[in-house]
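Student: A predicted structure for the sequence below; I have some questions about it.
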There are 4 protein chains.
Amino acid sequence: MIRVGIYGASGYMGGEALRVLLEHPQVEVAWATSRSGRPAEHFHRNLYGAGVQLVSPDAVGPVDAALLALPSGQAMTIARRLVDRGARVIDLGADFRLRSRPDWERVYRKEHADWALAEEAVYGIPELHRAEIKRARVIANPGCYASAVILGLAPLLRSGLVDPKRIVIDGLSGTTGAGAEPDTASHHPEIANNLVPYNVVDHRHTYEMEQELGLVAGGPVSVHFTSTYVPITRGILAICHCFATRDASRDKLLDLYRDAYAGEFFVRVYDMPKDEGASWQHRPYPWVAAVSGTNFCHVGLDVDERRGRIVVFSVLDSVGKGGAHAAVQNLNLMFGLDETTGLTRLGMHPY
Amino acid sequence: MIRVGIYGASGYMGGEALRVLLEHPQVEVAWATSRSGRPAEHFHRNLYGAGVQLVSPDAVGPVDAALLALPSGQAMTIARRLVDRGARVIDLGADFRLRSRPDWERVYRKEHADWALAEEAVYGIPELHRAEIKRARVIANPGCYASAVILGLAPLLRSGLVDPKRIVIDGLSGTTGAGAEPDTASHHPEIANNLVPYNVVDHRHTYEMEQELGLVAGGPVSVHFTSTYVPITRGILAICHCFATRDASRDKLLDLYRDAYAGEFFVRVYDMPKDEGASWQHRPYPWVAAVSGTNFCHVGLDVDERRGRIVVFSVLDSVGKGGAHAAVQNLNLMFGLDETTGLTRLGMHPY
Amino acid sequence: MIRVGIYGASGYMGGEALRVLLEHPQVEVAWATSRSGRPAEHFHRNLYGAGVQLVSPDAVGPVDAALLALPSGQAMTIARRLVDRGARVIDLGADFRLRSRPDWERVYRKEHADWALAEEAVYGIPELHRAEIKRARVIANPGCYASAVILGLAPLLRSGLVDPKRIVIDGLSGTTGAGAEPDTASHHPEIANNLVPYNVVDHRHTYEMEQELGLVAGGPVSVHFTSTYVPITRGILAICHCFATRDASRDKLLDLYRDAYAGEFFVRVYDMPKDEGASWQHRPYPWVAAVSGTNFCHVGLDVDERRGRIVVFSVLDSVGKGGAHAAVQNLNLMFGLDETTGLTRLGMHPY
Amino acid sequence: MIRVGIYGASGYMGGEALRVLLEHPQVEVAWATSRSGRPAEHFHRNLYGAGVQLVSPDAVGPVDAALLALPSGQAMTIARRLVDRGARVIDLGADFRLRSRPDWERVYRKEHADWALAEEAVYGIPELHRAEIKRARVIANPGCYASAVILGLAPLLRSGLVDPKRIVIDGLSGTTGAGAEPDTASHHPEIANNLVPYNVVDHRHTYEMEQELGLVAGGPVSVHFTSTYVPITRGILAICHCFATRDASRDKLLDLYRDAYAGEFFVRVYDMPKDEGASWQHRPYPWVAAVSGTNFCHVGLDVDERRGRIVVFSVLDSVGKGGAHAAVQNLNLMFGLDETTGLTRLGMHPY
């Protein structure tokens, strides 16, 4: 059994990590922290009766691995201590995600406390960096929007079929992405019948997208990204608009995507035929509800041949494949387990 | 492996049974039916990539057990054929739930086609009828509201502490309970900001509640039940009001419930202390979101000592403990498995 | 023009009062207060461009009338000052609602600062106290649940057809009722797919209901009331269960209600025929969505003749007929206007 | 009084027209049609008690004006009959919206029955075509998405500051836009926690946008538009991404918009300052909830100066400024009334 600790288990991301690891057949949750020291079920009623006591972060013992679900800026000091004691670290925050220190320090508005560790860290998308992840001491688990966008666009950017400087993306997020702390934007009377744009330009996740898609494209990429809260709880839909540099039909692009993700268990290409008369159940674009609570990412697409635009839809759960479940996928890889261990549960319908 | 067939897998109840059985370690899904003969993922996008083809009900082979998720009236003929071929049957509909034929025929407005089988059938609440379920050929899986109410009130009715003729219950149900067929009451523009009372008096499930609670109480029980659709997807909250015949404090009643469900894995007594200053997370009443997608039922209560009223809250998922998951619990019992096999997944937070 | 001031205009109740009075043809909003001193549109985007500046409560001038939308306990001192300066006062809080001082002080957990004024105050349900309201200096605007319940049950209690000691009510409320301050119970990820019981026994509004229904019934009444938040924004549904002391058909009771509210513009008896085959649009119970944003209360009912129960449904908007709109109805009466002035707008469909 | 008839009053668009006209001080609703011939309140419970009987479309008398809220293809024959009898016509459908017959016939997949009338018709956005609207016999009321986009982008396209061939727009729509007929995509269990892309490329409204923005820009415009249903009831958010051809700051662009809409009552530029520390209430982007049920359109924007992108947000109610309210604004203009008559109601908060 791998002994795993979780920092920040009273929040939504840490709570989801706790849920998944409690059901993981090869993991023992050594501890999970919260400054309040309450039972986990006080924060997460889904864990009622599971008997998990959260402990102070000052009172934790040695582990084989630790997941850090902390506000940005806290992981960069804790990670070093863990690594020094031989633990492997998966940071669910942003402290180790960027390769450019000037970008990181400008975007996160602070000095980085341990850039050597940031340089060593591997960006935790297995579908792109599987080999490095297996060997890594520190994983930078991607941002939720970044996961959706990178998985959605990597095959297209790799193909060279689209203009890499004119990628326009609307990211729609459920309110879980706003965190467990009550605030006006996620106050039910305000958001239940509303749509709330935020971080409209220069969103922090843009830098992850440009970094990783740039690697894939083999050159600079400009992502024009805007985020909006929508009144669902979990889940993200990234609507990615690209301009084709050559003609490409929907069928041809679906082939490209099927090839790209042929061996991937968790990324599914939504390739139902486009049939004008199809009932709603059978329309060929992915639905975010289908992947809530899972580590799946569904990707679908369409082409406007009249105007030369390709639209890619990528859906995932912000604390699933966009967070805690992806972290467990990385954990599996780091410890030589089958990558799907503990992560094969299906989504729900209805959700 | 137990070979199980599912009738009616394109609906919400049958689809949930399919999801659970696909993940069940001791079950092989032999077939699942739909008149349309499409892949399951056409109806249930959570099953995208699972590779399940639904088949015509006319083209099914022998199985060890069958789950019937069919409109009321269809199971009573199919069940006999299955039993004759040696299969054990769990009917998720209403055909075998009542012990009184006149009641059944009046309430369901048709003649019963196989009352001998109805008399043989066991009402499928393991917490009340575990021994009979193990031996049964036919299980009448309870109605969703009935499950919530019976589990919520059995300890209290058994105790004799309340007036059995003045039990008033409001059942609030998510729209999954209305089924997969689009209709005005579950049309999003109509229900999203609305509350829709229906089956306001003489709801069919009332007869199950009175039957089972009558057995527990050892005498006639009158349940005054009203149902209302609320804009959540899954889940039921039964608010059960009883009038105390003797003084009983909240603490004493919680003891009674803890004793009653001491050995039960799936029924959890929500017994957090009542603390006026507690934050919302810590309020001592169960939340339906916590049990969505699971086989858990959370029960909590309070007492109005000034006016002599006891309020019991019972929450479950209408297609979980109130349906398909409970059916699998019964299946486990019928085949000698640990009753929790394939059913231990935790709920989600947020849901 | 009547010059009206509003205390507490940054909250939901005060904001709704402001909206209604800005459109009232006979009222001039002299001022509306908020400690922050910001433009009203900062709190209420529906008022964007309306040019209303909120002012400090310390900087307000004389008015003909004031509406107080303040936390409980603050109105009882402010009201005296206003009355002394000749203003008429409508308190949207709870400070003047109860006739029994011991009850008030126990329930609200403080000493009352001006009981003389509380004794003088008139309980502001025009349908019961129209004549007194016209003459009153101080109106105690009813609690939202109390409005729904009293309007829903007054005809029945007056008739003597039901047991006055066994009235069981579930009140379902949208999250607007929880106020503008973000909190866990109204945090979207927590409530969007959830049902949250609160104030389960001995809810403060119970005392208003018992007081007013007791007057109507001509004797003591026991109301057994439980409240639950549901994921709608505005609106309340009170499901009121009564036990019949004599046989009474649905038709007879509808006659009773139509008679009781024959002259009332704002209370509508929902008396569509009960037709088993009716589509959902035509089911004979009121829908809360229909009255959102209005001063209407829709009342409907059904009878379980087998078990001797009468169910009354009463729906209104908690800041409409259950709050700010009702306050304006009272204001109209106090100043000799047609009671419907500024309040005739229809609800929306869909809402 | 202007005598107005409404075709198609059982649907959501026609029902909203009916609500607005019933409250219009200068209009008498002569008749409103539905093939079913039921009272309006059977379809629209907000009209309960209003006493409006819907009548067969075969039994309607002469009127001064008619609003047509009919499935596409029906208005083009009815409109001619009305015009011949001297009535002025506002078509809320698509039959008269395009200036190019080949486009219309290809996009709507039928032959046009009266192109002469289509050529005569005026596209009904008063902010662009006020003078022609006043004189028009036939108004083509714009599509809901088209209204949002055209109002949102007209000032920018007129300015020449952006690339007219690279306009990317995500249109998010509430489910009211899907109409009153129950269907899977708007079945509550499917959509409540979901996001449903549809008409992903070559959406019919694209042609209106390109036509009208082309007029404003003085040359061809390419709109790259995708639509998605989101789980709100009413309202549209258009997120419009443009690439700047010259540097332009947010402040400069807000000036441009304020100038463009200086005299317009119904289009409000949301120009709150951009303050990183601002609480959510004070963030400078429009919220769709604020304009639900009204004829207002709120427009806001931001600029990504690093990447040369301008984002414009435009919000309106699809049956308000995007439909029936805009139709009444046109009606007012056609009959020489103040354009705001009957349309000044404020939105609600919370909605």
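Tutor: Structure's in. What do you need? Keep in mind that this is a model prediction, so the values were computed, not measured.
Student: which residues of chain A fall in strands?
Tutor: For chain A, the strands defined by DSSP state E occupy A:2-7, A:27-32, A:65-68, A:88-91, A:122-123, A:138-140, A:167-173, A:196-198, A:223-229, A:236-243, A:267-269, A:297-304, A:309-316.
Student: show me what the second one is packed against.
Tutor: Packing partners of strand A:27-32 (3 or more C-beta pairs under 8 Å, 6 or more residues apart in numbering or on different chains; DSSP states H and E): strand A:2-7, helix A:12-22. C-beta coordinates here come from the backbone N, C-alpha and C atoms, glycine included.
Student: is stretch A:206-226 positioned near chain D?
Tutor: Yes - counting by C-beta under 8 Å from any C-beta of the partner chain, chain D is contacted by stretch A:206-226 at A:Ser222, A:His224, A:Thr226.
Student: redo those as TSV? Include pLDDT.
Tutor: Shown next, in TSV, are the residues of stretch A:206-226 next to chain D (pLDDT from 0 to 100):
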residue	pLDDT
A:Ser222	98
A:His224	98
A:Thr226	98
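Student: which one of the residues you listed has the most neighbours?
Tutor: With neighbours taken as other C-beta atoms under 10 Å in any protein chain shown, the top of the residues of stretch A:206-226 next to chain D is A:Thr226, carrying 25 neighbours.
Student: I'd say it and A:Asp170 touch.
Tutor: Yes - with contact defined as C-beta atoms under 8 Å, A:Thr226 reaches A:Asp170; the gap is 5.6 Å.
Student: joint contacts of these two?
Tutor: Residues touching both A:Thr226 and A:Asp170 (C-beta atoms under 8 Å, 6 or more residues apart in numbering or on different chains): D:Ile239.
Student: quick check: the gap between A:Thr341 and chain D.
Tutor: Distance, A:Thr341 to chain D, using C-beta to the nearest C-beta, to the nearest Å: 28 Å.
Student: what's around the residue lying closest to that residue once chain neighbours are set aside, how many residues?
Tutor: Take A:Thr341 and drop its neighbours on the chain: the residue closest to it by C-beta to C-beta, 6 or more residues apart in numbering or on different chains is A:Asn332, 5.1 Å away. Burial measure for A:Asn332: 23 neighbouring residues, criterion other C-beta under 10 Å.
Student: select the longest helix from chain A.
Tutor: helix A:144-159 (DSSP state H).
Student: picking that back up, now the strands of chain A as JSON lines including distance to B:Gly86?
Tutor: Listed next are the strands of chain A as JSON lines, based on distance: least, C-beta to C-beta, whole Å:
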{"stretch": "strand A:2-7", "distance to B:Gly86": "45"}
{"stretch": "strand A:27-32", "distance to B:Gly86": "42"}
{"stretch": "strand A:65-68", "distance to B:Gly86": "50"}
{"stretch": "strand A:88-91", "distance to B:Gly86": "51"}
{"stretch": "strand A:122-123", "distance to B:Gly86": "56"}
{"stretch": "strand A:138-140", "distance to B:Gly86": "53"}
{"stretch": "strand A:167-173", "distance to B:Gly86": "52"}
{"stretch": "strand A:196-198", "distance to B:Gly86": "59"}
{"stretch": "strand A:223-229", "distance to B:Gly86": "55"}
{"stretch": "strand A:236-243", "distance to B:Gly86": "48"}
{"stretch": "strand A:267-269", "distance to B:Gly86": "39"}
{"stretch": "strand A:297-304", "distance to B:Gly86": "41"}
{"stretch": "strand A:309-316", "distance to B:Gly86": "44"}
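Student: ok, and the closest non-adjacent residue to A:Phe43?
Tutor: Spatial nearest neighbour of A:Phe43, excluding adjacent residues (C-beta to C-beta, 6+ apart): A:Ser10 at 4.5 Å.
Student: isn't the one you found up against A:Gly179?
Tutor: No - assessed by C-beta under 8 Å, A:Ser10 is found out of contact with A:Gly179, at 10.9 Å.
Student: what residues does chain A put near chain C?
Tutor: Chain A comes close to chain C at residues A:12, A:174-176, A:178, A:180, A:182-184, A:186-189, A:191-193, A:231-234, as judged by C-beta under 8 Å from any C-beta.
Student: out of those, which sit inside helices?
Tutor: Short answer: the residues of chain A next to chain C in helices (DSSP H) are A:Tyr12, A:His188, A:Pro189, A:Ile191.
Student: of these, which count as buried by neighbour count?
Tutor: Buried residues within those, defined by neighbour count using 16 or more other C-beta atoms under 10 Å in any protein chain shown: A:Tyr12, A:His188, A:Pro189, A:Ile191.
Student: closest to A:Glu119 out of the residues you listed?
Tutor: Relative to A:Glu119, the closest of these is A:Tyr12; by C-beta to C-beta it sits at 29.6 Å.
Student: from C:His187, how far off is the closest one?
Tutor: From A:Tyr12 across to C:His187, the span is 10 Å (C-beta to C-beta, to the nearest Å).
Student: joint contacts of these two?
Tutor: A:Ala180.
Student: contacting residues around the residue of the stretch 51-200 of chain A found nearest chain C?
Tutor: With C-beta to the nearest C-beta as the measure, A:Pro182 is the residue of the stretch 51-200 of chain A nearest to chain C, at 3.7 Å. A:Pro182 makes contact with C:Pro182, C:Asp183, C:Thr184, C:Ser186, C:His187, according to C-beta under 8 Å, 6+ apart.
Student: and the furthest pair within these?
Tutor: Taking C-beta to C-beta as the measure, these span a maximum distance of 8.6 Å, between C:Pro182 and C:Thr184.
Student: correct me if wrong: A:Cys242 contacts A:Gly152.
Tutor: No - between A:Cys242 and A:Gly152 there is no contact under C-beta under 8 Å: 10.1 Å.
Student: identify the contacts common to these two.
Tutor: Shared contacts of A:Cys242 and A:Gly152 (C-beta under 8 Å, 6+ apart): A:Val312.
Student: the more surrounded of the two?
Tutor: A:Gly152 (29 against 25).
Student: gap between the more buried one and chain D?
Tutor: Note on A:Gly152: its distance to chain D, by C-beta to the nearest C-beta, is 13 Å.
Student: what residues are bridge-paired with the closest residue to that residue other than its chain neighbours?
Tutor: Distances taken as C-beta to C-beta, 6+ apart place A:Ser314 nearest to A:Gly152, at 3.0 Å, with adjacent residues excluded. Beta bridges link A:Ser314 to A:Ala238, A:Val299, judged by DSSP bridges.
Student: and A:Ser314, what's its pLDDT?
Tutor: pLDDT recorded at A:Ser314 is 98.
Student: what's the burial count for A:Thr77?
Tutor: The local packing of A:Thr77 (other C-beta under 10 Å) involves 12 other residues.
Student: check contacts around it.
Tutor: With contact taken as C-beta under 8 Å, 6+ apart, A:Thr77 is in contact with A:Ala113, A:Asp114.
Student: check contacts around the residue in the stretch 1-150 of chain A positioned nearest to chain C.
Tutor: Ranked by C-beta to the nearest C-beta, the top residue of the stretch 1-150 of chain A for proximity to chain C is A:Tyr12, at 6.9 Å. By C-beta under 8 Å, 6+ apart, the residues touching A:Tyr12 are A:Thr176, A:Gly179, A:Ala180, A:Val319, B:His349, B:Pro350, C:Pro189.
Student: quick check on these: which are buried?
Tutor: Neighbour counting over those (16+ other C-beta under 10 Å) leaves A:Thr176, A:Ala180, A:Val319, B:His349, B:Pro350, C:Pro189 as the buried ones.
Student: pretty sure the fifth one is touching A:Gly235, no?
Tutor: By that I understand B:Pro350. No - using C-beta under 8 Å as the test, B:Pro350 is too far from A:Gly235 to be in contact (10.7 Å).
Student: how close does A:Lys321 get to A:Cys144?
Tutor: 9 Å.
Student: what's the answer for A:Ala260, then?
Tutor: Going from A:Ala260 to A:Cys144 by C-beta to C-beta gives 21 Å.
Student: higher neighbour count, the two?
Tutor: Between A:Ala260 and A:Cys144, A:Cys144 has the larger neighbour count (other C-beta under 10 Å), namely 29 against 19.
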